[in-house]
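Enquirer: next input, structure requested:
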Amino acid sequence: MGSHEEQVDRQFSAVANAYLTSVVHAQGQDLLRTAEIFRGRGHDRVLDVGCGAGHMTFAIAPHVGAVTAFDLSRSMLDVVMESARVRGLSNITLHQGIAEDLPFANESFDWVCTRYSAHHWERLPRALDEMRRVLKPGGGLIVIDILGPDTPLIDTHMQAIELLRDASHVRDYTLSEWKTYLSSAGFHVSAHHRWKMRLEFESWVNRIRTPADRVSAIRAVLKQAPEQVREYLMVEDDGSFQFDAGMIEAGLASEYQRRAPESTSTP
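Expert: Numbering: from 1, shown residues only. Predicted structure coming up:
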């Protein structure tokens, strides 16, 4: 594990239970859409990369043959294991590791999914290559994450408050960036959806235990931001605001439909 991965692990291991009970993570039309996609796929094998507290895994598991919940944080996986037991879901297995080095054989899964995790990955192109590698021909990919704005001024402010809140943040990618990265990794986008996600300020910073000086800095950035930025983020009097979130559905490009590339597990 590199220094960035160690930072992510430290950051989220301490707050795993908070993410299990977080309304922002536990609910959403994206989870309903995901469950609909997998309904009737009783024999499929699914990999949930960066599963966190397991909400994507739990939405998928009742409809498929098996789900592998994969995360950097052992504490997050412990939360998934206990919650799966309480929910009576016996087709979930756990595996610890990093997205850029998936410890699975070529063509192991029918689907790969990730939800609110990719903005923490240090090497997104490498992670997407790995996802493509472990997918079977005809397999599918679902990516759900915060979307960065296309306007540089707004993007700069958004990335700044994200990094101030959570030092393990890397980047909220724009939809166009996602399409470019996915195409380069051998995927074609079949559908995408976008919606506003309201973040209540106090719960947003408390969930990740943002230090008080950084909370003050975030408030200052939001208060002093140009009106264009404040309007886009829909900043409220108490500091609450809204991000754009997105769901991208993709499949393997035609040249990868017959045979997956050789493993690239070690750079």
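Enquirer: considering only helices and strands, which part of the chain has the lowest mean pLDDT?
Expert: helix 16-21 (a mean of 62; mean pLDDT, DSSP states H and E).
Enquirer: from Arg132, how far off is the closest residue to Ser83 other than its chain neighbours?
Expert: Using C-beta to C-beta, 6 or more residues apart in numbering and skipping the chain neighbours, the partner closest in space to Ser83 is Gly54 (5.8 Å). (Each C-beta comes from the backbone N, C-alpha and C, glycine too.) Remark: distance between Gly54 and Arg132 (C-beta to C-beta, to the nearest Å) = 24 Å.
Enquirer: and those two? Which one has more around it.
Expert: Higher neighbour count among Gly54 and Arg132: Gly54, with 30 against 23, using other C-beta atoms under 10 Å.
Enquirer: residues in contact with the more buried one?
Expert: Contacts for Gly54 (C-beta atoms under 8 Å, 6 or more residues apart in numbering) come out as Leu20, Asp48, Ala69, Met76, Val79, Val80, Ser83, Ala84, Ile92.
Enquirer: mind doing that once more with 6 Å?
Expert: Ala69, Val80, Ser83 (C-beta atoms under 6 Å, 6 or more residues apart in numbering).
Enquirer: quick check: it vs His169, distance?
Expert: For Gly54 relative to His169 (C-beta to C-beta), the value is 21 Å.
Enquirer: in stretch 201-215, what's buried?
Expert: Across stretch 201-215, burial judged by 16 or more other C-beta atoms under 10 Å covers Phe201, Trp204, Val205, Arg207, Ile208, Thr210, Arg214, Val215.
Enquirer: my bad, should have said stretch 52-65
Expert: Gly52, Ala53, Gly54, His55, Met56, Thr57, Phe58, Ala59, Ile60, Ala61, His63, Val64.
Enquirer: wait, the second one touches Val79, no?
Expert: Yes. The pair Ala53 / Val79 is scored as a contact, 5.1 Å apart, by C-beta atoms under 6 Å.
Enquirer: what sits closest to Leu222 if chain neighbours are left out?
Expert: The nearest residue in space to Leu222 (C-beta to C-beta, 6+ apart) is Val235, at 5.3 Å.
Enquirer: before we move on, what about Trp111?
Expert: Val46 (4.5 Å).
Enquirer: where do the strands of the stretch 101-250 of the chain begin and end?
Expert: Using DSSP state E, counting those that start in this stretch, the strands of the stretch 101-250 of the chain run over residues 109-115, 135-147, 187-199, 241-252.
Enquirer: which one of the ones you listed is the most hemmed in?
Expert: strand 109-115 (a mean of 24; mean count of other C-beta atoms under 10 Å).
Enquirer: what helices or strands is it leaning on?
Expert: Using 3 or more C-beta pairs under 6 Å, 6 or more residues apart in numbering; DSSP states H and E as the contact test, the elements touching strand 109-115 are strand 45-49, strand 135-147.
Enquirer: partner strands of that strand, with direction?
Expert: According to DSSP bridges, strand 109-115 forms sheet pairs with strand 45-49 (parallel), strand 135-147 (parallel).
Enquirer: follow-up on the earlier one: report how many residues lie close to the residue nearest to Trp111.
Expert: Neighbour tally, Val46, other C-beta under 10 Å: 27.
Enquirer: what distance do you get for it to Val80?
Expert: On the measure of C-beta to C-beta, Val46 and Val80 end up 14 Å apart.
Enquirer: Ser184 too?
Expert: As for Ser184, its distance to Val80 is 31 Å (criterion: C-beta to C-beta).
Enquirer: again with Glu236
Expert: With C-beta to C-beta as the criterion, Glu236 and Val80 are 33 Å apart.
Enquirer: including mean pLDDT and distance to Cys113, could the helices and strands packed on strand 109-115 go into CSV?
Expert: Shown next, in CSV, are the helices and strands packed on strand 109-115 (pLDDT from 0 to 100; distance: least, C-beta to C-beta, whole Å):
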stretch, mean pLDDT, distance to Cys113
strand 45-49, 98, 5
strand 135-147, 97, 4
